[in-house]
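**Q** Provide a 3D model corresponding to the input given below.
(one chain, ligands or ions: 1)
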Amino acid sequence: MKVLLIGSGAREHALAQKISQSPQLKKLYAAPGNSGISQLAECLEIKADNIQELLAFAKKESIDLTIVGPEAPLVAGIVDAFEAEGLKIFGPNQKAARLEGSKVFSKLKMEKYGIPTAPFDVFSHIDEAKRYVIEADLPIVIKADGLAQGKGVKICDTSQEAVTALTEMMSGESFGDAGKTVVIERKMEGEELSILALTDGEKIIPLATSQDHKRAYDNDRGPNTGGMGAYSPCPLVSDEKFREIIDLAIKPMVQGMAKEGIPYRGLLYAGIMLTKDAGPIVLEYNCRFGDPEAEVVLPRLKSDLLPVLYQIACGKLETETLEWHDQACIAIVMASGGYPGHYDTNFEIRGIESVSSQENIFIFHAGTVKGSGGEFRTSGGRVLAVSALGENLRAAHDRAYQFISKIHFNDCFYRRDIGRRALEVFR
Ligand code: GLY
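**A** Reported below is the predicted structural model:
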C-alpha cells in the first residue's frame, strides 16, 4: 500500500512508526512530517491544512490510503474532498468531525443521546454570558465553541477571571470566530481518562486505556497544555468498568450519529472524568488520536494497524479485536521553556541518537528540525516525547526518566511526575 500520513507532531511520528512496521506498506509519505518522521517516510512540503495540494498529490501518486493525524483538516472537510475523488482516507467526514470542531454540537449530541456530561449553557452574546458568570457558582469552565489549538478551555475560579476569559474569547481577540460562541459548564472533579476507539460507524474496537497530564507543571499546576505526558494502561478502571464506559460514552454516540445519517468513521476519542457523585462523564470528544496518548497506546499495539485503518476508510471494519503487548508504556514530553506561552526556538538538542538506539525506547519528534550540520534543533513548544515500554508501569517510568535525563537543550523542561499518581495512589 502507498500511504500518505498528514500531520507533523509526535502523534504522527508514533503513527508513522507503527505503520512502517506493516508488511502491507510499500511506501510512506508524510505531509509535512517532521525531522523524526523523515527517518521513516518521504516528507513533502505540503502543509496539513492545504487540502487541494494534498488531494492533487494523492491523485498523482495513486495513494491507496491517506491517514489524517490532526483535527484541523478533518474539521475543514479533507475527508469529503478525498472521497469525492474516490480516494480512501482514514478519518471522519466534516459533519462527523463537528464532534470536535464544535463544542456546542458535541454537547447537544451528548444531551440528545443521554450521554452523561457536565451541566452546560451556550452563549453567543457577551453581555448575557457575563451576567451569567457573575451569578454562577464557581469554579466554572468556559469553552470556545470552535477549534482553538488546544487553548480554548479556561477554568475560572473567580468571576473576574471568567469575565476576562469571555471578553478575550467572545470579542474574537483570542481565537477569531472560534470563540464567538462559548459553552459554559460546571467544573466537575475527578480523575481523567482517555478512551480511544476505532469505528466504521457501526462496529467499535476500543484501544487500550491511557491517561494524559494536561497541566504544564508537576502536581497538575500551571496552565493547560496540549499534554505533557501520558501512560497506558490506566489502572484507574477495571476491565468491567472499561466496558461500562464504552457502553456509556462511545456506543451511544456512534449509534446516534449513524441513526441521524452522520456515520462516524475513524478514531473517536472520549475524554472521560470519573466523578465521585455522577460516575463517569464525558468531558469532550475529539475526532483523532490523542497526543500524547498515541505515543503510549501505539507502542503497545501488537496487531498490524494499517489494514484496520484501511478497512475503516473502506467503510467496513472486518477486524474483530486487536492484540496488545502486556508491557506498560509511558511518554514524557520535553518542552521549550515558556510553553504553552512564549518560548524561544532553534536550540541544539543533544543526546537524541544515544537514547533512540535503546531497545523499547522511542523518541517521537514534535517541534524539531534538522540544522545545517545535521543536528536536531528545537522548533516548537512541545519538542519531543520520550516513550518507554517496560514490564510494568514502574519499569516503564524508571526507564523513561533514566533516558530523558540524557537529552538536553537550552531552557528545556518536562514534568517529573508523569505516572506518579498511578504508581502511588491508584494502586
Ligand atoms: N491529549 C489531549 C488531546 O489530544 O487532545
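
**Q** Would you mind checking the average pLDDT for the host helix or strand of residue 13?
**A** Using DSSP states H and E, residue 13 maps to helix 10-19. For helix 10-19, mean pLDDT rounds to 98.

**Q** same check, this time on stretch 74-90
**A** The model assigns stretch 74-90 a mean pLDDT of 98.

**Q** Would it count as contacting the ligand?
**A** No: against the ligand, stretch 74-90 shows no contacts by C-beta under 6 Å from any ligand atom, the least distance being 13.0 Å. C-beta here means a position set from N, CA and C on the backbone, and glycine is covered the same way.

**Q** CA atoms only for that stretch, dumped as PDB, please.
**A** Taking C-alpha atoms only, stretch 74-90 is exported to PDB below (Å, rounded to 0.1, in the frame of the first residue of the first chain):
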ATOM      1  CA  LEU A  74     -10.800  16.900   9.300                       C
ATOM      2  CA  VAL A  75     -12.900  19.700  10.600                       C
ATOM      3  CA  ALA A  76     -12.200  21.600   7.300                       C
ATOM      4  CA  GLY A  77     -13.500  18.700   5.300                       C
ATOM      5  CA  ILE A  78     -10.500  16.800   3.900                       C
ATOM      6  CA  VAL A  79     -12.300  13.500   4.000                       C
ATOM      7  CA  ASP A  80     -15.200  14.800   2.000                       C
ATOM      8  CA  ALA A  81     -12.800  16.200  -0.600                       C
ATOM      9  CA  PHE A  82     -10.800  13.000  -1.000                       C
ATOM     10  CA  GLU A  83     -13.900  10.700  -1.000                       C
ATOM     11  CA  ALA A  84     -15.500  12.900  -3.700                       C
ATOM     12  CA  GLU A  85     -12.500  11.900  -5.900                       C
ATOM     13  CA  GLY A  86     -12.800   8.200  -5.000                       C
ATOM     14  CA  LEU A  87      -9.700   8.200  -2.700                       C
ATOM     15  CA  LYS A  88      -9.500   6.200   0.500                       C
ATOM     16  CA  ILE A  89      -8.900   8.300   3.600                       C
ATOM     17  CA  PHE A  90      -9.000   7.500   7.300                       C
END
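
**Q** Report the buried residues of that stretch.
**A** Using 16 or more other C-beta atoms under 10 Å as the test for burial, stretch 74-90 gives 74, 75, 76, 77, 78, 79, 81, 82, 87, 88, 89, 90.

**Q** What is the most widely separated pair among those residues?
**A** The distance between the two most remote of these (C-beta to C-beta) is 19.8 Å, for 75 and 88.

**Q** before we move on, back to that, list the neighbours of the helix holding residue 13 that are in contact with it.
**A** Under the contact criterion C-beta atoms under 8 Å, 6 or more residues apart in numbering, helix 10-19 has outside partners 3, 5-7, 25, 28, 30, 33-34, 36-37, 40-41, 67, 69-70, 288-292, 294-295, 298-299, 301, 305-306, 331, 333, 362, 364-366, 382, 384-385, 387.

**Q** got the residues of the stretch 101-250 of the chain near the ligand?
**A** Residues of the stretch 101-250 of the chain lying close to the ligand (C-beta under 6 Å from any ligand atom) are 212, 227.

**Q** Tell me which stretches of the stretch 101-250 of the chain form strands.
**A** 120-123, 140-144, 153-156, 182-186, 190-199, 204-206, 211-212, 215-217, 221-224, 229-232 (DSSP state E, counting those that start in this stretch).

**Q** Can you list the low-confidence ranges for this structure?
**A** Counting by pLDDT under 70, the chain shows low-confidence ranges at 426-427.

**Q** Single out the most deeply packed of the strands of the stretch 101-250 of the chain.
**A** Across those, averaging neighbours per residue (mean count of other C-beta atoms under 10 Å) puts strand 229-232 on top, at a mean of 29.

**Q** That one pairs with which strands, parallel or anti?
**A** Within its sheet, strand 229-232 is paired with strand 211-212 (antiparallel), strand 328-336 (antiparallel), according to DSSP bridges.
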